[in-house]
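In: take a look and give me a structure for this.
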Amino acid sequence: VFFCSFENHMTTITPEPLTAQLDLMDKAWSQTNINQSNTPGTIGMYGTANAYYFYMKFTANPSDNWHDGSTTTKRFRILFQMGGQQSDWTGLWKEISTTQSGGTKLELDPISVTNSVKTQGASQIDSQSRDNSSFKGYLEYTTTNDVTSTTVYMNRLIERSEQTTTDEDVIRIEAGRSLKGTYYTREGTGISFTTEL
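Out: Below is the predicted model of the structure:
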């Protein structure tokens, strides 16, 4: 099995959304078996004077135990569909093979796959993925009362040149977009979700 990856050297969100910008996002994002119950995530769009960004933050389902890869290697993955039903999926992933302690931040690596590869499941994604995703992000581990939680942070620069194409191979990520995503559990089971930005 061959994995393509490179370090994106990102353990902070740059630029970080302002409090007023976060208040305009969906701060009650919740998906069964993806984020920790009673701990809603945040998802939405924000901008600076010169750029426009997608942003997402959530605390992962604790049953996935993303902090513990000591016994069985785990592969965190989250993908988003870039256009219409047959378009490519891009996002972030990380192979976790050791135990991560509270206070640690772990960079996520870019990943992309065609729709035909993605629909075949996790093993095909692992063997046929590419590393040309423009999403960036990291996992942050926090330990409270001997329980370690994993918070996912990610963003993506939306280039001015990125516009919806006639064949919907690309649909621009912006406010009002219905964005399809898939989160993969520690067993490699994909959980689909759709978010209105």
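In: helix or strand for the most centrally placed residue in the chain, which one?
Out: By Cα atoms, centre = their mean, the chain has its centre lying nearest to residue 78, at 4.3 Å. If you go by DSSP states H and E, residue 78 is part of strand 74-81.
In: and the helix or strand following that strand, C-alpha only, in CSV?
Out: For strand 74-81, the following helix or strand on the C-terminal side (DSSP H and E) is strand 89-96. Output of strand 89-96 as CSV, limited to C-alpha atoms (Å, rounded to 0.1, in the frame of the first residue of the first chain):
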residue,chain,number,x,y,z
TRP,A,89,-13.3,14.6,-3.3
THR,A,90,-10.6,16.4,-1.4
GLY,A,91,-9.8,16.9,2.3
LEU,A,92,-7.3,15.8,5.0
TRP,A,93,-6.0,12.6,6.5
LYS,A,94,-3.4,11.4,9.0
GLU,A,95,-2.0,8.0,10.0
ILE,A,96,-1.8,7.7,13.8
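In: okay, the angle between strand 89-96 and strand 74-81?
Out: For the pair strand 89-96 and strand 74-81, the angle between their directions (axes from the mean of the first three to the mean of the last three Cα atoms, to 10 degrees) equals 170 degrees.
In: quick check: mean pLDDT across the top helix by length along the chain?
Out: When every helix of the chain is counted residue by residue (DSSP state H), the longest turns out to be helix 122-128. Taken as a whole, helix 122-128 carries a mean pLDDT of 95.
In: and residue 174, how far is that from residue 99?
Out: 39 Å (Cβ to Cβ, to the nearest Å). In short, each C-beta sits where N, CA and C put it, glycine included.
In: ah, wrong one, I meant residue 34
Out: Relative to residue 99, and taking Cβ to Cβ, residue 34 is found at 23 Å.
In: so residue 15 touches residue 49, yeah?
Out: No. In this structure, residue 15 is not within contact of residue 49 by Cβ atoms under 8 Å, at 10.3 Å.
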